[in-house]
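Novice: Here is my input; please provide its structure:
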Amino acid sequence: MCVLEEEFLDNRNKDKDIWRLFRILAEFTEVFDSLSTLPPAISIFGSARLKSDNKYYEIAYEISKQLSSNGYAIITGGGSGIMEAANKGAGNLSVGFNIQLPHEQKINPFVKISLHFKYFFIRKVSFVKYSIGFIVMPGGFGTLDELSEALCLVQTKTIGNFPIVLFGTDFFKPLEDFFKKMLEHQYINKEDMNNYLITDSIPEALEYINKCRLDTKA
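Specialist: Numbers count the residues shown, from 1 in each chain. Below you'll find the model as predicted:
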């Protein structure tokens, strides 16, 4: 557990808890103020460790560019790697949700609207509140965390027809095999396997997102 979460979960000091509530409200208020006029957005997740010569960096840039040209805003975690590529492709519709970490994460230079968070849970709520879909590129635990959150919200019908695109068949097929193991044990239902798309095709990803949005409006 990171230092910030340990601090939040420390329940031994009521006065500190009260001041934390004010800090939480302030973070939410800043987000609501800053993004109240944001167009429908797609959040793009993926590893901060990928370099600009990696194929997924180039794909994230191209997907973001095409989404932006269709009027979507792009939201990322604001850091390097996949996040940088997506913010770069987004042009002026580029949002970064930077998180305060023990080892500081620098905001990438392509973010046009920058928001800084102390608490992960506020950041996660904000990703879902201002997005109409997620694109998940190869990444680590943070990427997996965002994916799991979205899958759970769709499964429980907490959010509506919310497209989740897993881009990179070679990377994500082993994860789908694990989902199938969950299904085999009846920990999930068969229809839960339809709550995402695994693809290597940019056109297929864009078509899936647009179709889900149209179905939601219908």
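Novice: what sits against the nearest residue to residue 100 once chain neighbours are set aside?
Specialist: Excluding its sequence neighbours, the residue lying closest to residue 100 (C-beta to C-beta, 6 or more residues apart in numbering) is residue 118, at 5.0 Å. (Glycine included, C-beta is placed from N, CA and C.) Residue 118 makes contact with 4, 23, 27, 99-100 under the criterion C-beta atoms under 8 Å, 6 or more residues apart in numbering.
Novice: count of residues packed around residue 35?
Specialist: 18 (other C-beta atoms under 10 Å).
Novice: quick revisit: farthest-separated two in the contacts of residue 118?
Specialist: 23 and 99 (14.4 Å; C-beta to C-beta).
Novice: The two: which is more packed in?
Specialist: Higher neighbour count among residue 23 and residue 99: residue 99, with 21 against 13, using other C-beta under 10 Å.
Novice: That one contacts residue 77, correct?
Specialist: Yes. Residue 99 is in contact with residue 77 according to C-beta atoms under 8 Å; the separation is 6.7 Å.
Novice: circling back to that earlier point, distance of the residue nearest to residue 100 relative to residue 170?
Specialist: 36 Å (C-beta to C-beta, to the nearest Å).
Novice: Now do residue 10, the pLDDT please.
Specialist: pLDDT, residue 10: 62.
Novice: all strands of the chain, in order?
Specialist: Secondary structure of the chain (DSSP state E): strands at 41-45, 73-76, 94-99, 113-117, 131-136, 164-167, 197-199.
Novice: tell me the most buried of the ones you listed?
Specialist: strand 73-76 (a mean of 29; mean count of other C-beta atoms under 10 Å).
Novice: Need the CA coordinates for that one. CSV is fine.
Specialist: The C-alpha coordinates for strand 73-76 follow below in CSV (Å, rounded to 0.1, in the frame of the first residue of the first chain):
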residue,chain,number,x,y,z
ALA,A,73,-11.7,14.7,-25.8
ILE,A,74,-8.8,12.4,-24.6
ILE,A,75,-8.1,11.8,-20.9
THR,A,76,-4.9,10.1,-19.7
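Novice: Give me the contact list for it.
Specialist: 38-45, 64, 67-68, 82-83, 86-87, 89-90, 93-97, 111, 127, 130-131.
Novice: try it again with 6 Å
Specialist: 38-39, 41, 43-44, 64, 83, 86-87, 90, 93-96 (C-beta atoms under 6 Å, 6 or more residues apart in numbering).
Novice: remind me which residues of the protein are low pLDDT?
Specialist: By pLDDT under 70, the low-scoring segments of the chain are 1-14, 104, 216-218.
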